[in-house]
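Trainee: Prediction below, plus the sequence it came from.
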Amino acid sequence: MEPIIEFTNVSKQLKGFAIENMNLGVNKGFVTGFIGANGAGKSTTIKLMMNLLRPDEGEVRIFGLDYATHEKAIKERIGFVYDGNVFYEGMNLKDIQRIVGPAYKRWNDALFHRYVEQFELPLNKAIKTFSKGMQMKASLALALSHQAELIIMDEPTAGLDPIFRRELLDMLQEIMLDGERTIFFSTHITSDLDRIADYIAFIKNGELMFNQSIHNVEENYGLVKGTVDLLDRDTEKLFVHVNRTQAGFEALTSNVREAGSVFGESALIEKATLEDIMYYSKRSEVHV
Amino acid sequence: MFNLIKREVIIQKKQLLLFIPFIIFFIVMDSHPVFIFLVTSLFVPFNALAFDEKTNVNVLLNSLPYTRKEIIASRYLGSLVYMAIAIGLTALALFVADRSFTFSHIALGAGLFLLFSAMTFPLFYILKQGYIFPIVMISFFLFVGGGPAVFELVSGSLQGIIQFVMGLSMPIILSGFLAIAAVIYSLSWVVSATVYERKVF
């Protein structure tokens, strides 16, 4: 598989926060969901991808190219959607198009107008009058109109109402149909991912805990429930984290098969949701 | 690059309508031609900076296919372009208003513009967003108001130099002044580019 984004031993030290030795590969033609708690380093990672931040150590390659020599060529092929508004608030979409469009060689005005129509966006109204959902659609229209091969989005669904969120995810699914595009997006709303993600990358305290296909995540992770007498030093090794209650325990395992053979019928093993994985990992000190 | 320079007028196209009244205002107020050339040159570049101050423009520009070097270069080259246009329009307005002005006035206005820009542009990349514009406003008043006073003050101790300069012909003094302003402007460009290259967004 062709990696579109490659982080090799990337470290970045910021005030009170650090990304250490991150190795991350994002494959072409798939949607990768990037999850993690607030402050885990999602935005920092995305900034490293966009060259808004430069790594202290390690290497970031996009499309197999490095930023030091191919900055423009790389950004030509990326569409970006950020959490906050990065456009001039008082300007309308038409003027923003006049600024953003000419920056790209492959910009397509007709395509832009098609998206504007599809998303029902007003061209002559100031961006500041847009709702959060409309701002997101506007960013997306701009990101899609230069035939970007890689679309990087930082929390695109944050603050959107559930219906629009679903519409947005449908739209993303649609643009993935040709198989040429790659989407990398961060979110802390895990239900977004069940719908469209092929891969899940999970970051905790600046450290990439895993980057696996959603299928693997589903296969490997499980919630084990049982009575406390099942727990001992050996069995606890199977768990990322154990929650003890008076009635018994509930624990997350990253190795469902082994847990199944160890506990057999004596414990109840359920599928773990992404939220379960995030929740238990947050409490755990061990690697997932 | 051209697109980045053009961007500066797109973001302030409504304010541009005020440009001609702005020139006329200073002519009617009977300001000194040097001062008029200076403030009209400042109009577009500094208005653009004021707009940029209010948004996350660095995130936007750096996400588009531009390099950091180009972004800084567009500011410094663009300002020269807009200065030239402003001087042209102002000269035309002064001519129409039948106000006398000389080439020396233009050279002085342009030189002062270069000096002022050279001193303030790097601030936009060094200081934190949001604090910069008030600082620039204050420094402008200090520059225009306090400049001559400072000059008077130090002129006593600089008698030798002043006498030397006074001995030169006007064209030589002016071209020397412009050359120094241009050198300082170029140094400022280097400083801004260096700072911007290391900036974290």
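Mentor: In hand now; what should we look at? Numbers count the residues shown, from 1 in each chain, chains lettered A, B, ... in the order given.
Trainee: got the residues of chain A near chain B?
Mentor: Within chain A, the positions lying close to chain B (Cβ under 8 Å from any Cβ of the partner chain) are A:14, A:47, A:50-53, A:71-76, A:78, A:80, A:82, A:84-89, A:91, A:95, A:98-100, A:102-105. C-beta: built from backbone N, CA, C; applies to glycine.
Trainee: and residue A:96, what is it in contact with?
Mentor: The contact partners of residue A:96, by Cβ atoms under 8 Å, 6 or more residues apart in numbering or on different chains, come to A:87, A:88, A:127, A:138, A:142.
Trainee: again with residue B:109
Mentor: Contacts of residue B:109 were listed using Cβ under 8 Å, 6+ apart, and they are B:33, B:34, B:35, B:36, B:37, B:38, B:41, B:87.
Trainee: Is residue B:27 in contact with residue B:91, as I believe?
Mentor: No: in this structure residue B:27 lies outside contact range of residue B:91 using Cβ atoms under 8 Å: 11.3 Å.
Trainee: quick one: pLDDT of the residue sitting furthest away from the middle of chain B?
Mentor: Distance from the C-alpha centroid of chain B peaks at residue B:160, with 29.9 Å (Cα atoms, centre = their mean). If you check residue B:160, the pLDDT there is 71.
Trainee: low pLDDT regions in the stretch 101-250 of chain A?
Mentor: The model of the stretch 101-250 of chain A has no residue with pLDDT under 70.
Trainee: quick one, strands of it?
Mentor: A:150-154, A:182-187, A:199-204, A:207-213, A:222-226, A:239-244, A:249-253 (DSSP state E, counting those that start in this stretch).
Trainee: With residue B:127 as the reference, name the closest of these.
Mentor: strand A:150-154 (25.8 Å; Cβ to Cβ).
Trainee: Tell me how far residue B:138 lies from chain A.
Mentor: According to Cβ to the nearest Cβ, to the nearest Å, residue B:138 and chain A sit 25 Å apart.
Trainee: That residue: which element?
Mentor: Element membership for residue B:138, per DSSP states H and E: helix B:132-141.
Trainee: Convert the C-alpha atoms of that helix to PDB, please.
Mentor: In PDB, the C-alpha atoms belonging to helix B:132-141 read as follows (Å, rounded to 0.1, in the frame of the first residue of the first chain):
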ATOM      1  CA  ILE B 132       0.700  45.200  17.100                       C
ATOM      2  CA  PHE B 133      -1.500  47.700  15.500                       C
ATOM      3  CA  PRO B 134      -1.700  50.100  18.600                       C
ATOM      4  CA  ILE B 135       2.100  49.900  18.800                       C
ATOM      5  CA  VAL B 136       2.400  50.800  15.100                       C
ATOM      6  CA  MET B 137       0.000  53.700  15.500                       C
ATOM      7  CA  ILE B 138       1.900  55.100  18.500                       C
ATOM      8  CA  SER B 139       5.200  54.700  16.800                       C
ATOM      9  CA  PHE B 140       3.900  56.500  13.700                       C
ATOM     10  CA  PHE B 141       3.000  59.500  15.800                       C
END
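Trainee: by contact count, what packs against that helix?
Mentor: Judged by 3 or more Cβ pairs under 8 Å, 6 or more residues apart in numbering or on different chains; DSSP states H and E, helix B:132-141 is in contact with helix B:33-53, helix B:103-126.
Trainee: Which parts of chain A are helices?
Mentor: Counting by DSSP state H, chain A has these helices, from start to end: A:42-49, A:67-76, A:93-100, A:109-118, A:132-144, A:162-175, A:191-196, A:214-220, A:233-236, A:256-263, A:274-283.
Trainee: for those helices, which one sits closest to residue B:145?
Mentor: Of all the helices of chain A, helix A:93-100 comes closest under Cβ to Cβ, at 36.1 Å.
Trainee: chain center to that closest one, what's the gap?
Mentor: How far helix A:93-100 lies from its chain's middle: 27 Å, per Cα atoms, centre = their mean, to the nearest Å.
Trainee: Give the buried residues for that helix.
Mentor: A:93, A:95, A:96, A:97, A:98, A:99, A:100 (16 or more other Cβ atoms under 10 Å in any protein chain shown).
Trainee: what do you get for stretch A:43-55?
Mentor: A:43, A:44, A:45, A:46, A:47, A:48, A:49, A:50, A:51, A:52, A:53, A:55.
Trainee: how close does residue A:40 sit to residue A:119?
Mentor: 31 Å (Cβ to Cβ, to the nearest Å).
Trainee: who has more neighbours, those two?
Mentor: Taking neighbours as other Cβ atoms under 10 Å in any protein chain shown, residue A:40 and residue A:119 compare with residue A:40 leading, 25 against 18.
Trainee: phi, psi of that one?
Mentor: Torsion angles at residue A:40 (phi, psi; degrees, to the nearest 10) stand at phi -80, psi -20.
Trainee: what's near enough to touch it?
Mentor: A:203, A:204, A:205, A:206.
Trainee: related to what we said a few turns ago, now render the strands of the stretch 101-250 of chain A as CSV, adding distance to residue B:110 and mean neighbour count.
Mentor: Formatted as CSV, the strands of the stretch 101-250 of chain A follow (distance: least, Cβ to Cβ, whole Å; neighbours: other Cβ atoms under 10 Å in any protein chain shown):
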stretch, distance to residue B:110, mean neighbour count
strand A:150-154, 43, 23
strand A:182-187, 48, 24
strand A:199-204, 53, 22
strand A:207-213, 54, 19
strand A:222-226, 73, 21
strand A:239-244, 68, 18
strand A:249-253, 69, 23
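Trainee: I'd like to know which of the ones you listed is closest to residue B:124.
Mentor: It is, among the strands of the stretch 101-250 of chain A and with distance given as Cβ to Cβ, strand A:150-154, at 25.0 Å.
Trainee: Just after the lowest-mean-pLDDT helix or strand in chain B, pick out the following helix or strand.
Mentor: When each helix and strand of chain B is scored by mean pLDDT, DSSP states H and E, helix B:147-155 comes last, with a mean of 69. Scanning forward in sequence from helix B:147-155 by DSSP H and E, the next helix or strand is helix B:159-167.
Trainee: before we move on, the earlier item: filter the residues of chain A next to chain B to the buried ones?
Mentor: If we count by 16+ other Cβ under 10 Å, the residues of chain A next to chain B have these buried: A:47, A:50-53, A:71, A:74-76, A:78, A:80, A:82, A:85-88, A:91, A:95, A:98-100, A:102-104.
Trainee: For residue B:21, see how far away residue B:13 is.
Mentor: 15 Å.
Trainee: what do you get for residue A:83?
Mentor: 40 Å.
Trainee: got it, and residue B:173?
Mentor: Residue B:173 is 34 Å from residue B:21, by Cβ to Cβ.
Trainee: Neighbour count: these two, which is higher?
Mentor: Using other Cβ under 10 Å as the criterion, residue B:173 and residue B:21 rank with residue B:173 on top: 16 against 9.
Trainee: got the contact list for that one?
Mentor: So residue B:173 contacts residue B:165 (Cβ under 8 Å, 6+ apart).
Trainee: And the pLDDT at it?
Mentor: pLDDT, residue B:173: 83.
Trainee: Now name the helix or strand holding it.
Mentor: Residue B:173 is part of helix B:170-197 when elements are defined by DSSP H and E.
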